[in-house]
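S.K.: sharing a sequence plus its predicted fold:
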Amino acid sequence: MNQSGDAKSAPKRENLLLSILFNIAIPLLVLTKLSSPDRLGPVVALVVGLSFPLLYGIWDLLTRKQVNFISVLGLISVGLSGTFGLVEVDPFWLAVKEASIPFAIGIMVLVTFRTKRPLIKTFLYNPQILNTELIDQKLEASNTREAFNRTFAFCNGLLVLSFGFSAILNFVLAQIIVTTHPAVNLAEFNAQLGKMTALSWPIIAVPSTIIMMIALWKLISSLGKLTGLKLEDMMHEAPKKNSEA
């Protein structure tokens with residue numbers, strides 16, 4: 001009975017490819033390729049670009065009953081970038097904006113750590129992926145909760161470090177690539193913006209993800225030692241359909 005109740009309450013797993021397409025890739029292409037005056041123009045391109053993460057976020061909220069974190073970030077990032085171009089803000093402030101998003105997430109990870117809902121659980125100790133209930137039982141039974149808490153704090157620090165590293169790289173990359181003032185050439189500004197966003201994936205996302213993976217590996221290996229569980233036992237099994245009448 002409990003298992004069927006849990007299966008009902010557990011939100012559906014998000015399609016990562018769709019999320020990246022609608023929240024990042026398509027808005028980026030619209031801003032980069034369609035904002036010139038002979039195509040959509042900067043205002044319409046901004047509206048169209050914003051519509052993708054907005055509509056995806058609404059659809060995801062209706063289907064999974066959860067606010068989509070990536071959609072919110074996509075809306076903020078695309079909205080601010082496009083608006084900066086329209087109101088002709090100096091490129092320096094675009095670099096500040098690019099750094100502020102990962103910086104803000106890092107601060108949230110740090111600040112929420114001692115609360116009931118630490119943000120690290122979204123990234124590393126997610127109950128949709130790990131069988132946290134079983135892990136917690138084993139930690140209590142083996143009296144290793146304190147040791148786990150120390151590891152958890154260390155992994156939280158690594159997560160904060162990954163976002164801090166991302167913030168610095170974002171700022172530097174924006175300063176190097178986006179050099180055209182939107183008041184001088186808005187189409188060129190948008191093109192540089194698109195190039196910066198495209199390069200941010202291999203240059204910024206990969207190193208940050210590596211740091212995050214190190215934190216995850218540290219957490220999983222520590223849990224294995226503290227609980228005696230194998231990796232497959234820690235992972236959540238997909239809910240099996242009950243054939244009982």
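M.R.: Thanks, I have the structure now. Numbering: from 1, shown residues only.
S.K.: ok, residue 165 - contacts?
M.R.: 207, 208, 211 (CB atoms under 8 Å, 6 or more residues apart in numbering). Any C-beta I mention is one placed from the backbone N, CA and C, and that applies to glycine too.
S.K.: where does pLDDT dip in this protein?
M.R.: Judged against pLDDT under 70, the low-scoring parts of the chain cover residues 1-16, 69-70, 236-245.
S.K.: where exactly do the helices run in it?
M.R.: Chain-ordered helices for the chain, with DSSP state H as the definition, fall at 2-9, 16-20, 26-33, 42-64, 69-86, 91-111, 120-123, 132-141, 145-177, 186-200, 206-227, 231-234.
S.K.: just say which of these is most tucked in.
M.R.: Ranked by average neighbour count under the criterion mean count of other CB atoms under 10 Å, the helices of the chain are headed by helix 26-33 at a mean of 22.
S.K.: which elements pack onto that helix?
M.R.: For helix 26-33, the helices and strands in contact under the criterion 3 or more CB pairs under 8 Å, 6 or more residues apart in numbering; DSSP states H and E are helix 42-64, helix 69-86, helix 186-200.
S.K.: of all those, which lies closest to residue 153?
M.R.: Between residue 153 and those, the shortest gap by CB to CB is with helix 69-86, which sits at 22.7 Å.
S.K.: follow-up on the earlier one: return the member of the contacts of residue 165 nearest to residue 32.
M.R.: Distance from residue 32 was checked for each of the contacts of residue 165 by CB to CB. The minimum falls on residue 208, at 22.6 Å.
S.K.: how about the closest one, what does it touch?
M.R.: Residue 208 touches 102, 162, 163, 165, 166, 169, counting by CB under 8 Å, 6+ apart.
S.K.: dump those residues to a markdown table, plus distance to residue 68.
M.R.: Formatted as a markdown table, the contacts of residue 208 follow (distance: CB to CB, whole Å):
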| residue | distance to residue 68 |
| --- | --- |
| 102 | 18 |
| 162 | 21 |
| 163 | 19 |
| 165 | 25 |
| 166 | 20 |
| 169 | 25 |
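S.K.: rewinding a little: now the contacts of residue 165 as CSV including distance to residue 232?
M.R.: Formatted as CSV, these follow (distance: CB to CB, whole Å):
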residue, distance to residue 232
207, 29
208, 28
211, 25
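S.K.: what about residue 139, distance to residue 38?
M.R.: Taking CB to CB, to the nearest Å as the measure, residue 139 falls 62 Å from residue 38.
S.K.: in stretch 112-128, what counts as buried?
M.R.: 112, 113, 118, 119, 120, 123, 124, 125 (16 or more other CB atoms under 10 Å).
S.K.: how about residue 83: what's its closest non-neighbour residue?
M.R.: Distances taken as CB to CB, 6 or more residues apart in numbering place residue 46 nearest to residue 83, at 7.2 Å, with adjacent residues excluded.
S.K.: and if you look at residue 169?
M.R.: Using CB to CB, 6+ apart, the nearest residue to residue 169 is residue 204, at 4.6 Å.
S.K.: the one you found contacts residue 168, doesn't it?
M.R.: No - here residue 204 does not reach residue 168: they are 9.4 Å apart, not a contact under CB atoms under 8 Å.
S.K.: how about the contacts made by residue 233?
M.R.: Counting by CB under 8 Å, 6+ apart, residue 233 touches 131, 134.
S.K.: oh, that last question was meant for residue 22, not what I typed.
M.R.: With contact taken as CB under 8 Å, 6+ apart, residue 22 is in contact with 52, 53, 55, 56, 71, 74.
S.K.: appreciated, that's everything.
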